[in-house]
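**Q** What shape does this take:
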Amino acid sequence: MGARDGRPATRGDKCRLTLTLAWGDSTQCQVTLGASVAEEEAIGWFFNHLFEPLFSHAEVLALVDELTHDTLQNWANRKYVTPKLVKGKRRYNALEVATVSLAQPLVWNLGMDPSAATLAVVSAMLYFHRKLKAKEVSATQVRHQMLAYTKSVAEAEVFDARRIPPDFFEKYEAFTVLAVGRLLNDLARKQRDFVEARRAN
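**A** Residues are numbered from 1 along each chain as shown. Next up is the predicted model:
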């Protein structure tokens, strides 16, 4: 897709979609949607399909980087995620894919127990969901949220990274941060595009 001024699009260009609206009297109006709309649609899509069993075992492996068959099988067997059986096969919903994807860095990098890591991520996802439904935060604001462990790895809190005071990181002896909003934003887009591509085929 080319840029609005006719130049070929480059990697640094932000995607834009221009809609032309026409009325019976030949009046036309053009509306240009920027990249933030696409981001909002991805997050909105994710929370609208939170509990739908959309993804097979193989599809989850394709969506989550470095995830192995054995790890996903083990997490399902231990009930860290609870896929639904559809026609005799496990199907994972959007929340479960996000749980596996976002909990992995906590397990690999911090040595957290998978049960604590998945609980922290699920709590954050449901926190975002409640805030969105209450209109206390917009879909585009979700990507700025971070998960911070200020007391122990079992007790996570959610903060808006844009509103962190200067002394925030000096208050605690041990401090770990996961950019869960940014990671979720990227994963939501991947999930949505994956499902739309499957339906198109």
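**Q** Can you show me the strands along this structure?
**A** Per DSSP state E, the chain carries strands over the ranges 17-22, 28-33, 53-56, 84-86, 89-93, 145-152, 155-160, 176-178.
**Q** and the fourth one, what does it pack onto?
**A** The contact analysis (3 or more Cβ pairs under 8 Å, 6 or more residues apart in numbering; DSSP states H and E) places strand 84-86 against strand 89-93. To be clear about C-beta, it is placed using only N, CA and C from the backbone, and glycine gets the same treatment.
**Q** Pull the residues that contact the strand it packs on.
**A** 49-57, 59-60, 76, 81, 83-85, 100 (Cβ atoms under 8 Å, 6 or more residues apart in numbering).
**Q** what ranges do the helices span in the protein?
**A** Here the chain has its helices, by DSSP state H, at 35-48, 57-63, 69-77, 94-110, 114-133, 180-200.
**Q** Which of the ones you listed sits closest to His144?
**A** Comparison of the helices of the chain against His144 by Cβ to Cβ identifies helix 180-200 as nearest, at 5.5 Å.
**Q** Show me what the closest one packs onto, helices and strands only.
**A** Other helices and strands packing on helix 180-200, by 3+ Cβ pairs under 8 Å, 6+ apart, are helix 35-48, strand 53-56, helix 57-63, helix 94-110, helix 114-133, strand 145-152.
**Q** make it 7 Å
**A** Helix 180-200 sits against helix 35-48, helix 57-63, helix 94-110, strand 145-152, with contacts defined as 3 or more Cβ pairs under 7 Å, 6 or more residues apart in numbering; DSSP states H and E.
**Q** Just give me the neighbour total for Pro166.
**A** Burial of Pro166 is recorded as 6 neighbouring residues (other Cβ atoms under 10 Å).
**Q** how about Phe194, what does it touch?
**A** 59, 63 (Cβ atoms under 7 Å, 6 or more residues apart in numbering).
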